[in-house]
Every structure is written in C-alpha cells, then in structure tokens.
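>>> Based on what follows, work out the 3D shape:
(chains A, B, C and D)
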2 protein chains.
Amino acid sequence: MAKSKIQKKSGYHHGNLRGQLVNAAGRLIEQNGPDGFSMSDACRLAGVSTAAPYRHFSSKQDLLIEVAKDGLQRLGEDMDHRASSYPRGTVDSIAAIGRAYVDFAIREPHTFRLMFSTKEHSGRIEELKTVGRSSYGVLLREVAQYLGEPDINETVIRCSFPLWTQVHGLSFLSIDGKLDVTEFPVDINESIMIATERLLPAKG
Amino acid sequence: MAKSKIQKKSGYHHGNLRGQLVNAAGRLIEQNGPDGFSMSDACRLAGVSTAAPYRHFSSKQDLLIEVAKDGLQRLGEDMDHRASSYPRGTVDSIAAIGRAYVDFAIREPHTFRLMFSTKEHSGRIEELKTVGRSSYGVLLREVAQYLGEPDINETVIRCSFPLWTQVHGLSFLSIDGKLDVTEFPVDINESIMIATERLLPAKG
DNA sequence: TAACTATGTTACTGTTGCTAACATATGTTA
DNA sequence: TAACATATGTTAGCAACAGTAACATAGTTA
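Model (predicted):
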C-alpha cells in the first residue's frame, strides 16, 4: 500500500488515476510538507491535466483526507505488527505499540501531522474517525489483556488514554525537533519504556 | 500584547505597520487557520497595499514566525502566572503549569500548532528556540524546586520532559477533537493531575 | 536646502485551486 | 451493430495569492 510506482497514463484514459493521485500526493507531502504540496504537482507526477483530479476528488482537501486515511490505516497495521513480537498484554508489547507510533511519526512526519489535523470537509471526516478508532483499538485490546479485562470497558479506556497522550506528545516533540532543546537529549525508546511503566497500574 | 486594536493608517505612512501586521496575522490565523490566512487579508485589515508588508517581512513565513514567537512568549507568561497561585515546587503548581499549557492550546489552537510546526527560515528559527526555551524554563524551575535540586541539572531535565510530553500530547489530542473518540470522554484537569502524580517521582 | 533612508504605492508576474465547455473512451441496451 | 449513457479525460479561463520592480512620499541628517 502506498508503495506502487507512479505511472503516467498510456492512452486517453489513465486506468487508475484516483489511486495514483493519492500515491503522488502522499509522496509530495512527505517531500515538501502539506503546504508545499500542490494539486498541479500531483498532476504533473501522474502525467495528467490539472483538471483531471476533480473527476475523483471534490477538492484538494478531499484528496488530503484520503492520504490521511491511508496513513491511519498503515499506522494501525504497524502497531499491530510490532506488538505481535512480544507476549500479548505485557508492558513490552504495549511499549512496542508506542514505539511503532513514534517511529511512524518520524518516518512520515508530514503525513502524521496531516492525519491528526484534518477536521474540515464534514462528509469524509466520519470515515477518518472510523479508521482512527480502529487503529486505537490495537492499543485498547493490548491494555485490556494486560489488565485481564474481558472486554474494552471504561477501566481499559481510562488506563489507555494517558499512554496515547504520551506517545502522541513524544511524536510531535520528536518531529518538531524538541528532543534536544536542553543539553541532555532524550532517548526515545527509554522515554517510552519509562512512561509506559509509570502510567500503567502495577500488575498485582 | 496582541491585544491592541487594528487601526488603519491615517497618512501615507502607517506608523506601526509591522506591529499591526503581526496583530492582524494572529487574529486571522485564529479565525481561519494558518492555511486560510493570506498576506492580502492582513493587508486589507491594516488598510495597506499588498506590497507594504515586504518592507517589514521577507516573506509570509517570516511574518508567521513572528506570530509564533509572540505565542511562545505569552504561553510562558501564562504558565508562570498560573503556577504562582500555588505553593512553589508542589504537585499542584506543576499541574497548574500543565493546565496553562493545555488551556492555551484550546484557546488558540491554530497559533499553538504554528508555534510548534515552524521549522523553516533558518535565520529566525534561533530566536524562536530561544523564546521556547525560556518558556520551558518555567516548568524546569518548578520541577527543580519540587525535587529540591539547587539548579536545573540533568535530574531535573530528565524528570521534566515526560511532563512536557504528556501535556503536549494532551493539547494536540484536545484541539484535534480526540478527547471523545470513545464513549468515556476525557476530563482534562483530572487527566493532567493523574499523569503529573504518576510521572513525578514520589517525594521522600 | 540637499541628500539619504525608510516606508509606502501601483503595476505586474507566475502559480495555484477550481470551473465550464468540450472530447473521448467504455458499457449497455435496442 | 448502432445508439445512447456514463465515466473520465482535455483545453481555456477565472479569481486569489505570494512576491518583485519601479516609482512616490515622508522623515532624518548633513
């Protein structure tokens, strides 16, 4: 996903313009930042006129939402995958989810920012929220197992949110270059491990 | 600061165009978001031609940096002021700093985002960092007092960073509408209090 | 007063997001 | 297969924008 080559069209019709535009947009955003991204650039990359995208997206925002959705999806997959390297429901597996989160932010800072700053365009926003909730679910399930709770109840949620908050903050501070504002730079992994241990209730 | 009325010029020269532009930019950004803000709008507000700003700022980015700097400054003042309502160097005063931080984010979400996402324009960035460090110092001093450390040493810094991370994450999740993704919405004050207690080492 | 500097103006450029009118390909039905 | 409908592309053009160049005016200093 988001890996396929960008290919210009061969005939009059493109074949998969919609997908290619999301793809091109994703790359350009990661290169130039969300502001430095222009519809025209994406069109040039896809080898198509500047009017073509509007057959597939109602606006630039509409395209960006698709990029954000794709990002949230991949973030969820990353977290799930990384957690699976550890015994389920342990501090280690929960910390691994946090690392996946921060790693994603560092790997795709502009997309990460986009994923969480997209409010506009009411219609599509509900889709975004759904994908987001699904990714959050990865953490919730892991914490539920840690706590020995049978399902995702209030206890699980109240316990998980501070963990999210922590890695979310760490992600932004990382991509905004705030890890070394002082003479004692922050180690991300250590930071996540310590915070996870402290924020999680001690296991009986 | 950032409170003065926007006044159009009376004669050929404006009098305080630079200040008025920063002012106008700040207001417009808070109204329309950083993307919805245009140099032209700011000019209209100040009653000046669209070329005038370039006598005072080398680019739009350059103006935005000024807005960000002003925001960081005011954030530091807010934190300092709020902490002073409590006995110095206590969990309460430290939590109060956190509340000031999140409150600022909620009050001026767009400015807040701008304050932490401005990397470009190398020259001015050092000024930004300096103001930022000064604001961070408010927290560092408070934590030093809590720990009984005589100055801002490594212990103080390592202990403070997770607190920053936490409120920073909470700020973003708040302004991005993530406090109620589940059926159990988050209480900001409670959230800050709990996290502060857990992340701070217990006082002998 | 003359010269210099700071700070405004108008007129212009190239880029952008987006729309309208038109063109071409694909699928469906008679 | 012919005719039509629909999806998806094109060209031409709009208004708004960031930024520049050449010029104008005001304040400051020699």
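>>> switch to C-alpha atoms for all contacts and neighbour counts from now on
Fine.
>>> I'd like to know which elements the host helix or strand of residue A:137 is packed against.
Using DSSP states H and E, residue A:137 sits in helix A:122-147. When contacts are defined as 3 or more CA pairs under 8 Å, 6 or more residues apart in numbering or on different chains; DSSP states H and E, helix A:122-147 sits against helix A:60-83, helix A:91-107, helix A:154-175.
>>> and the following helix or strand past the second one, average pLDDT?
In other words, helix A:91-107. Counting by DSSP H and E, the next helix or strand C-terminal to helix A:91-107 is helix A:109-117. Helix A:109-117 comes out with an average pLDDT of 96.
>>> rewinding a little: just put the helices and strands packed on helix A:122-147 in a markdown table and tack on distance to DNA strand C and mean neighbour count.
Shown next, in a markdown table, are the helices and strands packed on helix A:122-147 (distance: least, CA to the nearest atom of the strand, whole Å; neighbours: other CA atoms under 10 Å in any protein chain shown):
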| stretch | distance to DNA strand C | mean neighbour count |
| --- | --- | --- |
| helix A:60-83 | 4 | 21 |
| helix A:91-107 | 23 | 22 |
| helix A:154-175 | 24 | 22 |
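>>> To residue A:37, which of those lies closest?
Nearest to residue A:37, of all the helices and strands packed on helix A:122-147, is helix A:60-83, at 9.8 Å by CA to CA.
>>> Check which helices and strands the closest one sits against.
With 3+ CA pairs under 8 Å, 6+ apart as the test, helix A:60-83 has helix A:17-36, helix A:91-107, helix A:109-117, helix A:122-147 packed against it.
>>> okay, the angle between it and helix A:91-107?
Relative orientation of helix A:60-83 and helix A:91-107, computed by axes from the mean of the first three to the mean of the last three CA atoms, to 10 degrees: 150 degrees.
>>> so helix A:60-83 versus helix A:109-117, what angle?
Using the same axes, to 10 degrees: helix A:60-83 against helix A:109-117 is 100 degrees.
>>> tell me the mean pLDDT for helix A:60-83?
97.
>>> Leaving out sequence neighbours, find the closest residue to the residue in chain A that chain B sits nearest to.
Taking CA to the nearest CA, chain B has its nearest neighbour within chain A at residue A:169, 3.5 Å off. Take residue A:169 and drop its neighbours on the chain: the residue closest to it by CA to CA, 6 or more residues apart in numbering or on different chains is residue B:169, 3.5 Å away.
>>> coming back round to it: now do the contacts for the residue of chain A closest to chain B.
Neighbour list for residue A:169: B:164-170, B:172 [criterion: CA atoms under 8 Å, 6 or more residues apart in numbering or on different chains].
>>> what do you get for residue A:68?
A:111-112, A:114-115, A:118, A:128.
>>> try 10 Å this time
Counting by CA atoms under 10 Å, 6 or more residues apart in numbering or on different chains, residue A:68 makes contact with A:22, A:26, A:62, A:74, A:110-118, A:128, A:131-132.
>>> do the same with residue A:165
A:171, B:165-174, B:191, B:195.
>>> Return the member of the residues you listed nearest to DNA strand D.
Nearest to DNA strand D among the contacts of residue A:165 is residue B:172, at 25.1 Å by CA to the nearest atom of the strand.
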